[in-house]
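Student: take a look and give me a structure for this.
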Amino acid sequence: MQGDILANKNAKDRSPTEFYPTPKNVTVALMEYLELPDCTIWEPACGQGHMSEALRELGYGVIPTELHDRGYGSCGIDYLETINTPGYCDWIITNPPFSLSEQFIRKSIEHGKPFAMLLKSQYWHSAKRRILFEEFRPQAVLPLTWRPDFLFGSKSGSPTMECIWTVWGTESAKETIYRPLIKPAV
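Tutor: As a prediction, the model looks like this:
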């Protein structure tokens, strides 16, 4: 059930697999910021392929994988259990299940590739996450200047969740860039 992503819902009220497809404009905003050359991106929580398809439309090679079979990508692959990156990939970019985001971040650090994660806007507002922030400092924190519609205009009302992209390199950054992203016209 996707109609329960309201910001005030608690964990027990969310979708059990935390499946909330990423709107195209969220992916495009990140890629406009990154300005990556031709490369291959691993999208390890691809869901039904919303982000992967947006990346493909932008000209990137994509390796989509997913734990749950949603009819897209290579299914049954638990990102948190992966040892190697699949095939050849240059970047890891995904919208992880929010309850597993720290594990996704730590797994991405292990893979040794630059990566970006879509997170709740208040993600870095806790003492334990500050420790993670300092352990492997991100290159950039990029708040979205709009609230993404993860429900794609369903009858749930206006979107209420604010999000940020956080981007890491292959090494801990000395300083972190903070730059709000403007909603692209897509």
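Student: the chain: helices as residue ranges?
Tutor: Assigned by DSSP state H, the helices in the chain fall at 24-34, 50-57, 101-111, 127-135.
Student: pull out the buried positions in the first one.
Tutor: Neighbour-count burial for helix 24-34, with 16 or more other Cβ atoms under 10 Å as criterion, is recorded at 24-31, 33-34. C-betas here are computed from N, CA, C, even on glycine.
Student: need the contact list for the residue most central in space within the chain.
Tutor: Nearest to the geometric centre of the chain sits Asn95, at 2.5 Å (Cα atoms, centre = their mean). Asn95 makes contact with 20, 22, 26, 45, 47, 51, 117-118, according to Cβ atoms under 8 Å, 6 or more residues apart in numbering.
Student: list only buried entries from the residues you listed.
Tutor: 20, 22, 26, 45, 47, 51, 117-118.
Student: from these, which ones fall inside strands?
Tutor: 117-118 (DSSP state E).
Student: from the buried ones among the contacts of Asn95, pick the one nearest Lys128.
Tutor: Checking those against Lys128 by Cβ to Cβ gives Met117 as the nearest, at 16.5 Å.
Student: for Gln2, give me the pLDDT.
Tutor: pLDDT, Gln2: 38.
Student: whoops, Phe104 was the one
Tutor: Value for Phe104, per-residue pLDDT: 97.
Student: measure it to Trp168 for me?
Tutor: 11 Å (Cβ to Cβ, to the nearest Å).
Student: Ile109 too?
Tutor: 7 Å.
Student: any chance you could map the strands in the protein?
Tutor: 40-43, 61-66, 74-75, 91-94, 115-120, 140-143, 163-168, 177-178.
Student: can you add distance to Leu55 and give those strands back as TSV?
Tutor: Shown next, in TSV, are the strands of the chain (distance: least, Cβ to Cβ, whole Å):
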stretch	distance to Leu55
strand 40-43	6
strand 61-66	5
strand 74-75	16
strand 91-94	7
strand 115-120	11
strand 140-143	17
strand 163-168	14
strand 177-178	22
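Student: mind checking the ones you listed for the one nearest to Asp149?
Tutor: Of these, nearest to Asp149 by Cβ to Cβ is strand 163-168, at 11.2 Å.
Student: may I see the buried residues of that closest one?
Tutor: For strand 163-168, a neighbour-count test (16+ other Cβ under 10 Å) marks 163-168 as buried.
Student: next one: stretch 82-89
Tutor: 85, 89.
Student: for that stretch, C-alpha coordinates in CSV please.
Tutor: This file holds the C-alpha atoms of stretch 82-89, laid out as CSV (Å, rounded to 0.1, in the frame of the first residue of the first chain):
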residue,chain,number,x,y,z
THR,A,82,26.2,-8.1,-1.8
ILE,A,83,30.0,-8.5,-1.9
ASN,A,84,30.9,-7.2,-5.3
THR,A,85,29.4,-4.6,-7.6
PRO,A,86,27.5,-6.3,-10.5
GLY,A,87,29.3,-6.1,-13.8
TYR,A,88,31.0,-2.8,-14.4
CYS,A,89,29.5,0.1,-12.5
